[in-house]
Structures are given as structure tokens and as C-alpha cells.
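[1] I'd like to go over a predicted model; first the sequence, then the structure.
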Amino acid sequence: MLYLLYMKVILTESQILRVLNEEYSEKVIRQLVDKFKEEDPNEDTSVIRSFIKRFDDIKGDSKILDKDIFNYSLEKLRDVIYNSLKSGVKPKSYKGNSDLDLVYDNNDNIKIYVADTREKCITYGKGYSFCISSYSDTASYKKHRMIENGTPYFVFNSKLSKNYDKHEGFLDPDHLLVVFIHLNWENSLTGNRYYYTVTDANNTGEVTYEDYESIVSKYPFLKGLKEIFKPINLSKKEKDLLHLHTFSSSMFARLNSKYDNLFRTSPKQQFSGGFKDGCGNRLPFIHSHEDLTLKYIKPIFDLFKEGYQKSYTAFFRGNKGGDRKIVGLTTHQECEEAIKKEIEIYTKEYNNLLDNPFWNSNKSDSLQLDNLEMKRYMMDEKNYGIAECEWPPLYIDYLKEVYALSVKIMHEKWTIEKTQYDS
């Protein structure tokens, strides 16, 4: 009896302690929310709370030196969140049952697998160059499966050769076809309900077919299999990701419209047609958090993240006046590398001229002398330069908002992808 009473007291104290801890945690969270809201009143409270939770989850990482979130500004907290999300959530190896995906097997040469998830597309397209089977790139799968609501099928024909030539590609590319079936929204009431696209193993481009009979005329071994290819609805996770994509697109469009209008009405606006830096290079608008990795945007965003408010342009000084831009909107290091590459090219051309037998037999030819002199001028490092190109203050404000929105979208995407959905 005393033992039971003791256990009851201990349990009650444990419950009280848990409640006190929860209240303490909530109090701390409210303090942090108030702190960060002072810095950016426009940031959603729910987003700040999710950032706090995310920081708590990752603060044990050795790369995060300061474990005390109270030492962070909202901007620095965004940096930590952004750096933890840059690589995204890598797709797991598909561990499902391929027999369940096998929708057709004639026990001879034809096998057809439905690939209604990204993991399945990666698995069945392994060893080929299909964009929807890319491990690192999600854009094509998102476009075809989620935005266009298509359903992919991988059709394997074992009777056809898989021999590959590095110049010609697969000698018989029809040994693997990716067939997409799409609902034909435009003609669903008056014409064909579905349309199809087919890509062969060489992946030289998809071909659109308005009806299945047209596919059969091209690939006779698919005759009689029309009912195999059925559209499959998106999963709950893919629907959530699609909604996030729609939300993200609308938010970036709204942000771009806002700054386009601000720019056009700014009294300090010096250039027409959009933002330009101090060297006249057009500064890009950004339409998605995924754009931040694009080749022509990443250098700008990397510079912004490092605290710069300018980019660099490498140029060549012409011997007859006028400069020629080599590369712009990039880092100082990339400008140096571009100049080095130019000099190497012209040095090689200069040496090739000297080694040319025609030149050796025509050393007094004025055209040859002019050409040689031009190459000598172009391989001289003194005739190249790097310019600092300041960004308009309004563009810096724009990048700050792009960054805040991108971290928010990336975090929400990460949350969706990590969520365990019921099958």
C-alpha cells in the first residue's frame, strides 16, 4: 500500500515537472518570437516558431559553434536554417516491392512498371539519362508528374539490343521506353480524354501522341496494352508539395511585381528595363528558391550572403579603344580565372602562329605581322581589368526579401518531405 502511494506521488511529481518544463519551453519560445518579430515584424509567427524548432533539432551539429539561440539575430538564424537545408532531402533508395509496380509481364520479353513516385523513377531509370530519374535534379519530375499530373510507365523490351555506342548512343533505343499518360483537359469533353508522351532510351526528346493508336503505329509491340496505362492520382505528399510550389510561385511573382514597381517609380532609377549594376549588367529577378542554384544567379546570391553589395566584371581593353566584357555579375575570383583562361588561349594561338611553316616562309607579310602583334597584345595581362559593379540599394532590399522567402519555402518543403504519410 505504501509502495503504491509512493509510486503515485512520484508519478504526480513527474507529471508536474513535465508541465513546468512545457510551460518554461513555451515561455522561452514566446520570448524568442518577440525578439525576432522586433527585427522583422512581417515574418509569420508560425515560421519563426518552426525555425526555433529546427534550430533545436540541429544545434548538436559540430558546424554550429554557438548553441545559444538567444545570441542569434533573425538574419543569422535564417543563415543557419538555410545552410542546413541547401542540400535538400535526398531521395531514399526505393525499397518497395517491384512486383507490385509490375503492371504487365507477358513472360517473354515485355515488362511494364508503373513509376508513380520519384524514388521509383530513379530506380527504374538507373543507368539512363532520363531527367525524371535524376538523383539530384527534382525539376523535371515535378513538372511532368506533379504540375502536369502525368503518370510515368517504364516499358522494358528484353528482345531488343542494349548495345551502346559512345557516338551513336543505344543502337536500339526502343529497348526501354518511358510512357507518360496525361489527362487531356482541353479535349476531355469533346475529344480524346488522354494524351501521351514517349521517350526512348537515348532520351533525345519526348514525342507527344494524341491517342494510343499513334503510339502503336510507332511501337507495334505495345498493341493491345492500352488499358495498362492508367493515370494515378498524386499522393498526399506530392499534393502538399504541389500546393507549396503554387504558393511559392505566387509569392515570388508578388515580390517581383512589388520591386519592379518600386524600381520604375524610384527617382534614383538610372536605367530602363529593370535593375542594372554600376557596370550596366542586368541584374536578374528570381522566380523560385530553386533559382538560387542557377549558374547566372548563384554568384550574385553567394556574394550577397557574404555581405557584399556589388559584383565584379572582367574586361579586355582594346588597343583601338573600347572595352570588351569577358564575364560579369560574378565574383572577383571567377573574373581572375576568366582572364587567365583568355590569356592562355591567346598565348597558345600566338605560339601556334610562330610554329606555322607558312608564317616562317612569310615573315615579312604585313597581315601576318599584324595578326602576331594582335595576339601578343591580347596575351598581355596588363590589358585586362576587373571592375567593381555596385548594386542599386533597392536591389539589395530585394535580395533580402528573396532570401527570407526562400528560407521559409525551403523549410516548409523539408518539413513535407520528412513527414511520414499514411500509404
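    Thanks, I have it.
[2] Report the helix or strand with the lowest average pLDDT across the protein.
    For the chain, counting by mean pLDDT, DSSP states H and E, helix 2-39 ranks last in confidence among helices and strands (a mean of 62).
[3] how about the strands in the stretch 301-423 of the chain?
    310-317, 323-330, 384-390 (DSSP state E, counting those that start in this stretch).
[4] could those be laid out in TSV, adding mean pLDDT, mean neighbour count and distance to residue 256?
    In this view, the C-beta of every residue, glycine as well, is placed from N, C-alpha and C. Formatted as TSV, the strands of the stretch 301-423 of the chain follow (pLDDT from 0 to 100; neighbours: other C-beta atoms under 10 Å; distance: least, C-beta to C-beta, whole Å):
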stretch	mean pLDDT	mean neighbour count	distance to residue 256
strand 310-317	95	21	20
strand 323-330	92	18	18
strand 384-390	95	17	21
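[5] closest one to residue 206 among these?
    Closest approach to residue 206 among the strands of the stretch 301-423 of the chain is made by strand 323-330 (33.0 Å; C-beta to C-beta).
[6] Provide the strand pairings for the closest one, with the direction of each partner.
    strand 310-317 (antiparallel) (DSSP bridges).
[7] List the buried residues for the helix or strand harbouring residue 215?
    Element membership of residue 215 [criterion: DSSP states H and E] is helix 212-218. Going by neighbour count (16 or more other C-beta atoms under 10 Å), the buried part of helix 212-218 is 212, 215, 216.
[8] Output it as PDB, nothing but the C-alphas.
    Taking Å, rounded to 0.1, in the frame of the first residue of the first chain, the C-alpha atoms of helix 212-218 are listed here in PDB:
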ATOM      1  CA  TYR A 212      -2.800   5.400 -78.100                       C
ATOM      2  CA  GLU A 213      -3.200   4.100 -81.600                       C
ATOM      3  CA  SER A 214      -0.500   6.500 -82.800                       C
ATOM      4  CA  ILE A 215       1.900   5.000 -80.300                       C
ATOM      5  CA  VAL A 216       1.200   1.500 -81.600                       C
ATOM      6  CA  SER A 217       1.900   2.500 -85.100                       C
ATOM      7  CA  LYS A 218       5.400   3.600 -83.900                       C
END
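[9] Show me what it is packed up against.
    Packing partners of helix 212-218 (3 or more C-beta pairs under 8 Å, 6 or more residues apart in numbering; DSSP states H and E): strand 194-200, strand 207-209.
[10] Switch the ones you listed over to a markdown table; also include mean neighbour count.
    What follows is those, written out as a markdown table (neighbours: other C-beta atoms under 10 Å):
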| stretch | mean neighbour count |
| --- | --- |
| strand 194-200 | 21 |
| strand 207-209 | 14 |
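[11] now residue 162, nearest residue through space, not along the chain?
    Spatially, and ignoring its direct neighbours in sequence, residue 162 is nearest to residue 175 (5.4 Å; C-beta to C-beta, 6 or more residues apart in numbering).
[12] okay, now the one you found: neighbour count?
    If you count neighbours by other C-beta atoms under 10 Å, residue 175 ends up with 19.
[13] how does this protein divide into domains?
    2-85, 98-233, 239-418 (automatic domain parsing).
[14] Show residues contacting stretch 405-421.
    Residues outside stretch 405-421 that contact it (C-beta atoms under 8 Å, 6 or more residues apart in numbering): 44, 47, 50-51, 54, 78, 81-82, 85, 88-89, 235-237, 240-241, 244, 247-248, 251-252, 255, 289, 292.
[15] residues touching the residue nearest to the spatial centre of the chain, list them.
    Nearest residue to the geometric centre of the chain (C-alpha atoms, centre = their mean): residue 290, 3.8 Å. For residue 290, the contacting residues are residue 139, by C-beta under 8 Å, 6+ apart.
[16] cool, and residue 338?
    Per C-beta under 8 Å, 6+ apart, neighbours of residue 338: 314, 326, 327.
[17] Please name the bridge partners of the residue nearest to residue 324 when sequence neighbours are not counted.
    Spatial nearest neighbour of residue 324, excluding adjacent residues (C-beta to C-beta, 6+ apart): residue 316 at 4.6 Å. Counting by DSSP bridges, residue 316 forms beta bridges with residue 324, residue 384.
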